[in-house]
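Student: pasting the sequence and the predicted coordinates here, then a few questions.
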Amino acid sequence: MQAMVFEAVGRPLEARELPQPRAERGQLLLRVRACGVCRTDLHLLDGEVEVPNPPRVLGHQIVGEVVEAGPPGATSRAGTVAQATGNGPEERDGDEMRGLRVGVPWLGWTCGECEWCRSGRENLCPRARFTGRDIDGGMAQYAIADRRFCFPIPDGYPDTQAAPLLCAGLIGYRCLRMCGDAERLGLYGFGAAAHILCQVARWQGRRVFAFTRAGDESAQRFARELGAEWAGDSGQAPPEPLQAAIIFAPDGALVPAALAATAPGGVVICGGIHMSQIPAIDYELLWHERTVRSVANLTRRDGEEFLALAPQVPVRTHVSEYPLHQANRALDDLRHGRFVGAAVLRPPAD
Ligand SMILES: [Zn+2]
Ligand SMILES: [Zn+2]
């Protein structure tokens, strides 16, 4: 099969021909129909987040069709068996699953027995394995996934439009939950995650204020089209103080900027996996019960909730499609903000 492979930090992905993988116990073999590109992939390429055992196929927003299911039962490289949750594809047997369209997110495996797994916080499992970092991902014609960590894709979403729901949408949704019932919501960095969240937040009756790189008029226009009542540069003050802000851009200087834009009692959520250093601040900025927190990864519950919610809104994703072999171009365009919305790769059918 064709795959785009990460080999070392600072090098572009390498186009390679790899053997088609096989599904073992508890796994699904998927024909990849679409795979979203995420800012996390840039952090992996740049070495800001480590890929522990390269070479590795990146890609953690996979929409795939089940070609083959391994025998039922949990897989575990660590020798433990985690309990499945919900009524996902894990409940069905192999024959029933063939042809089913499923989504594979960043969270690829958890231990099921640590204090975080046992308390509904599997996103924090210290032994968690992540798709497209610890496990080969979806920048290939085929991928293998643990069936307990796959979600059914809601009907009515074409493959490419469903892909960005699986990380941008899902982790964005977890960030939004951390905002409680805040009505005035700021979104810093108006990329793949914010363009989905803006739609969900408006549907929930919130007011959205969008912050972009200075002078990025196309992103600001895009934010207004999606229902933001104000859009401006990240250094600007919003017309009214925010009750919550979510930072998606990987720039630590946005933390004090967002705190300064936030009303007493407000919350600032850092939604990315990596951020440049946060500058020192005067206590005054944090005073009056403001909170700064991060959001890490996702739980399967987040996935089930968000994928049930998305068609109700309904969330419409704006995607730029690239053939699989142009993955490096898609990543470069993401790095330089050359498209609005999300980038999605399409592998060739064989
Ligand atoms: Zn991601
Ligand atoms: Zn665990």
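Tutor: Cool, got the structure. Ligands and ions are numbered 1, 2, ... in the order given.

Student: which phi and psi does the closest residue to L226 other than its chain neighbours have?
Tutor: Excluding the flanking residues, the one nearest L226 by C-beta to C-beta, 6 or more residues apart in numbering is C198, at 4.6 Å. Glycine gets a C-beta too; all of them are placed from N, C-alpha and C. C198 adopts backbone torsions of phi -60, psi -40, taken as degrees, to the nearest 10.

Student: you'd agree C198 is up against R224?
Tutor: No. Taking contacts as C-beta atoms under 8 Å, C198 lies outside contact range of R224: 9.8 Å.

Student: give the contact list for the residue nearest to L226.
Tutor: 187, 190, 208, 210, 223, 226-228 (C-beta atoms under 8 Å, 6 or more residues apart in numbering).

Student: closest to ligand 2 among the residues you listed?
Tutor: L187 (30.9 Å; C-beta to the ion).

Student: how about the chain, which residue sits the furthest from its center?
Tutor: E284 (33.0 Å; C-alpha atoms, centre = their mean).

Student: enumerate every residue touching the closest residue to L166 other than its chain neighbours.
Tutor: Spatial nearest neighbour of L166, chain neighbours left out: Q61 (4.0 Å); criterion: C-beta to C-beta, 6+ apart. For Q61, the contacting residues are 35-38, 103-106, 138, 163-168, 344, by C-beta under 8 Å, 6+ apart.

Student: redo that, cut-off 7 Å
Tutor: 35-36, 38, 163-164, 166-167 (C-beta atoms under 7 Å, 6 or more residues apart in numbering).

Student: next: C179.
Tutor: Contacts of C179 by C-beta under 7 Å, 6+ apart are 185, 244, 246, 267, 269.

Student: what's the strand or helix carrying the last one in contact with?
Tutor: Secondary structure here is read from DSSP states H and E; on that basis I269 sits in strand 262-270. Residues outside strand 262-270 that contact it (C-beta under 7 Å, 6+ apart) are 175, 178-179, 241-247, 255, 258-259, 288-295.

Student: which parts of the stretch 1-150 of the chain are strands?
Tutor: In the stretch 1-150 of the chain, the strands defined using DSSP state E, counting those that start in this stretch lie at 2-6, 14-17, 27-36, 56-57, 62-69, 101-104, 107-109, 129-130, 142-146.

Student: to D95, which of those lies closest?
Tutor: strand 62-69 (7.9 Å; C-beta to C-beta).

Student: so D146 sits right up against L107, yeah?
Tutor: No. The pair D146 and L107 does not pass the contact test of C-beta atoms under 7 Å, sitting 9.8 Å apart.

Student: how close does Q141 get to ligand 2?
Tutor: 31 Å (C-beta to the ion, to the nearest Å).

Student: which residues are in contact with the residue nearest to that residue when sequence neighbours are not counted?
Tutor: Distances taken as C-beta to C-beta, 6+ apart put M1 closest to Q141, at 4.0 Å, once the chain neighbours are dropped. Neighbouring residues of M1 by C-beta under 7 Å, 6+ apart: 18, 20, 140-142.

Student: next one: G271
Tutor: 171-172, 175, 193, 246-248, 295.

Student: for the residues you listed, pick the one with the most neighbours.
Tutor: Scoring the contacts of G271 on neighbours with other C-beta atoms under 10 Å, the highest-scoring entry is G172 at 30 neighbours.
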